[in-house]
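Enquirer: got a sequence here, can you model it:
(one chain, ligands or ions: 1)
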Amino acid sequence: MRVNIFTSVLLILLLIPMSVAEEPDSLPASETYPEKIVKTLQGITFDSDYDNGSLQDVIEAGENVFNCTIYTEQGELGSSIYWFRFKMTSVAGRIITLNIYHSQNPLPVIRVNDGGWRRMTDAEAPSLSKLVLSFAADEDHAELAFFFPSGYDETYQQVGDLVRRCDMASTESIGLSYMGRSMWMATITDSHVADTNKHRIWMHSRTHAGEATGTHVMLGFLNLVTSNSPAGRYMRRHFIFNIVPLLNVDGVYLGYTRWDSQGIDPEQQWGNPSRIPETANLRAKVDEFMDGSHPIEVALNLHSTYINYADTFFYKHVYSSVTTAFEAIEQRYIDALDHATPLFDNLNPQTSQLHPYCYIESYFWNNWGESVMAMTHEGHFFHRLPDNLWITNEDYKDIGAAMAMALIEYFNLPPIGEESPPTSWMIY
Ligand SMILES: [Zn+2]
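Expert: Got it, this is the predicted structure:
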């Protein structure tokens, strides 16, 4: 009897980890995650139980009026709250009022009948805690989100589309997340050109799950460096790009605002990533490149702030945490981006004393000093330069493309179309 029970338990223990490892997306059911709900009220189904979805609760407050609770995420550094994303079905012909908190973004986004995402209008978002949405008779369903969203599958789908169109681009797995999701890195360079004079550029985004502006910046950057245009081909001749589209893959899937699935801040684990495999996976790739013949020279870490700034910004690390010479190196890239796009004028420059060990920038500085220009860029959810319209995902893609173009000035390379004859650096 004891032997049989032991054998059964052993078999179960042997089988369970394999099935979990092979199907990371068949993860715990929605009841495990309070922000993943499916609820039908007055014939309308509210659904947040999918990739990147998040809504903690919805209750009736009158005919076609509902009170929505968005998820407050508890982490070891405190609580965080703003991300929401959910679908509503059977909305045709109704005027629906949602009492929902969205103070960090006055005009959230909506798509109707699977159309494109757009900002809500002032009439649709009359206050920071209310949405009033009118649906025509042929508008059966809609999806709402805090900001132009891009979930786990959606992000990899878009990255995959860009990589597949370019035969100089590839992807590789860099490991698994805490919950077992795949993490990927894209590499783009012209394999017909010797690496001798190329510069290696690192970029990663979505360390904080809700900071979706970073994904759009990354996609705009990737779009340019994989494009079959003079600029795209130029970029691939002069650079090796390593882009990690998603760090906090579990948090993005779960629809979190900031922390990872363990409630840890992945951004602050670079000194010792032993608790969090996501940061450890990125650090292992960084180490591999820094040990190689073409180490990283520029590293861009993409985030979003929820504060209403006039402009996006970089955190420039200043003396005495770094040298004044390094400050000048950082400023050279900031100025180059300013010159590359009207969407960035460095109107809100931010400086910081670099933390001695927390961040990726700390890791680069401690180990490789001035040889790696590493900075964090912060998008926001408010107005864009230069015309003060509400900023969109497409604007962030333009900023991302400009981040690639800024590398030409930063490295003092010849303008596009004015290089030496290609034969001087082609491999035959
Ligand atoms: Zn962040």
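Enquirer: only C-alpha atoms for contact and neighbour calcs from this point on.
Expert: Noted.
Enquirer: now for the closest residue to S177 other than its chain neighbours: which residues touch it?
Expert: Nearest in space to S177, with sequence neighbours left out and distances taken as C-alpha to C-alpha, 6 or more residues apart in numbering, is E278 at 5.2 Å. Taking C-alpha atoms under 8 Å, 6 or more residues apart in numbering as the contact definition, E278 lies against 175-178, 183, 247-248, 266.
Enquirer: what does the stretch 101-250 of the chain have sitting close to the ion?
Expert: Contact residues, the stretch 101-250 of the chain versus the ion (C-alpha under 5 Å from the ion): H208.
Enquirer: and the residue of the stretch 101-250 of the chain that's closest to the ion?
Expert: Here the residue of the stretch 101-250 of the chain nearest the ion is H208; by C-alpha to the ion that distance is 4.8 Å.
Enquirer: how is this protein divided into domains?
Expert: What automatic domain parsing lists as the domains of the chain is 30-145, 152-410.
Enquirer: would a markdown table of the ones you listed with mean pLDDT be doable?
Expert: Output for the domains of the chain, formatted as a markdown table (pLDDT from 0 to 100):
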| stretch | mean pLDDT |
| --- | --- |
| domain 30-145 | 97 |
| domain 152-410 | 98 |
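Enquirer: tabulate these (a markdown table), appending distance to G417.
Expert: Formatted as a markdown table, the domains of the chain follow (distance: least, C-alpha to C-alpha, whole Å):
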| stretch | distance to G417 |
| --- | --- |
| domain 30-145 | 36 |
| domain 152-410 | 8 |
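Enquirer: deepest of those, which one?
Expert: domain 152-410 (a mean of 20; mean count of other C-alpha atoms under 10 Å).
Enquirer: from the chain's centre, how far out does that domain sit?
Expert: On the basis of C-alpha atoms, centre = their mean, to the nearest Å, domain 152-410 sits 9 Å off its chain's mean C-alpha point.
Enquirer: same thing with stretch 118-128?
Expert: 24 Å.
Enquirer: for the residue of the stretch 101-250 of the chain closest to the ion, which non-adjacent residue is closest in space?
Expert: For H208, ignoring the flanking residues on the chain, the nearest one in space by C-alpha to C-alpha, 6+ apart is R258 at 4.4 Å.
Enquirer: now do the contacts for the one you found.
Expert: 73, 80, 207-211, 251, 265.
Enquirer: and the gap between it and N388?
Expert: 27 Å (C-alpha to C-alpha, to the nearest Å).
Enquirer: just E76 next, same as before
Expert: Applying C-alpha to C-alpha to E76 and N388 gives a distance of 37 Å.
Enquirer: and F364, that one's in a helix?
Expert: Yes. F364 forms part of a helix when assessed by DSSP: H, G, I helix; E, B strand; the rest coil.
Enquirer: so who does the nearest residue to it once chain neighbours are set aside touch?
Expert: Using C-alpha to C-alpha, 6+ apart and skipping the chain neighbours, the partner closest in space to F364 is V372 (6.5 Å). By C-alpha under 8 Å, 6+ apart, the residues touching V372 are 296-299, 364-365.
Enquirer: let's see that with 10 Å instead.
Expert: By C-alpha atoms under 10 Å, 6 or more residues apart in numbering, the residues touching V372 are 200-202, 290, 295-299, 326, 329-330, 361, 364-365.
Enquirer: residue in the stretch 301-428 of the chain nearest to the ion?
Expert: For the stretch 301-428 of the chain, C-alpha to the ion, closest residue to the ion: H303, 4.4 Å.
Enquirer: dihedrals phi and psi, that residue?
Expert: Here is the backbone geometry of H303 (degrees, to the nearest 10): phi -140, psi -180.
Enquirer: which residues of the stretch 301-428 of the chain lie near the ion?
Expert: H303.
Enquirer: E361 in helix, strand or coil?
Expert: Reduced to three states by three-state DSSP, E361 is helix.
Enquirer: would you agree it is in contact with H377?
Expert: No. Between E361 and H377 there is no contact under C-alpha atoms under 10 Å: 11.8 Å.
Enquirer: and for these two, which residues touch both?
Expert: Common neighbours of E361 and H377 (C-alpha under 10 Å, 6+ apart) are 300-301.
Enquirer: which stretches in the chain count as helices?
Expert: Along the chain, counting by DSSP state H, helices occupy 2-22, 152-164, 213-225, 230-238, 249-254, 277-290, 324-340, 360-368, 393-410.
Enquirer: just the CA trace of the shortest one, in CSV.
Expert: By that I understand helix 249-254. Output in CSV follows, covering the C-alpha atoms of helix 249-254 (Å, rounded to 0.1, in the frame of the first residue of the first chain):
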residue,chain,number,x,y,z
VAL,A,249,6.8,38.8,-20.3
ASP,A,250,4.7,37.4,-17.4
GLY,A,251,3.6,40.9,-16.2
VAL,A,252,2.6,41.8,-19.8
TYR,A,253,0.5,38.7,-20.2
LEU,A,254,-1.1,39.2,-16.8
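Enquirer: and it, what does it pack against?
Expert: The contact analysis (3 or more C-alpha pairs under 10 Å, 6 or more residues apart in numbering; DSSP states H and E) places helix 249-254 against helix 152-164, strand 182-188.
Enquirer: same question for the fourth one.
Expert: In terms of contacts (3+ C-alpha pairs under 10 Å, 6+ apart), helix 230-238 is packed against strand 182-188, strand 199-205, helix 213-225, helix 393-410.
Enquirer: for V132, give me its contacts.
Expert: Counted by C-alpha under 10 Å, 6+ apart, V132 has contacts 64-65, 95-99, 120-126.
Enquirer: try it again with 6 Å
Expert: Counting by C-alpha atoms under 6 Å, 6 or more residues apart in numbering, V132 touches 96-97, 124.
Enquirer: before we move on, the earlier item: closest to L107 out of the helices of the chain?
Expert: For L107, the closest of those is helix 393-410, at 13.4 Å, according to C-alpha to C-alpha.
Enquirer: helices and strands around the closest one, which ones?
Expert: helix 213-225, helix 324-340 (3 or more C-alpha pairs under 6 Å, 6 or more residues apart in numbering; DSSP states H and E).
Enquirer: other SSEs contacting the last one?
Expert: In other words, helix 324-340. So helix 324-340, by 3+ C-alpha pairs under 6 Å, 6+ apart, packs with helix 393-410.
Enquirer: what does the helix it packs on rub up against?
Expert: With C-alpha under 6 Å, 6+ apart as the criterion, helix 393-410 contacts 216-218, 220-221, 224, 333, 336-337, 340-341.
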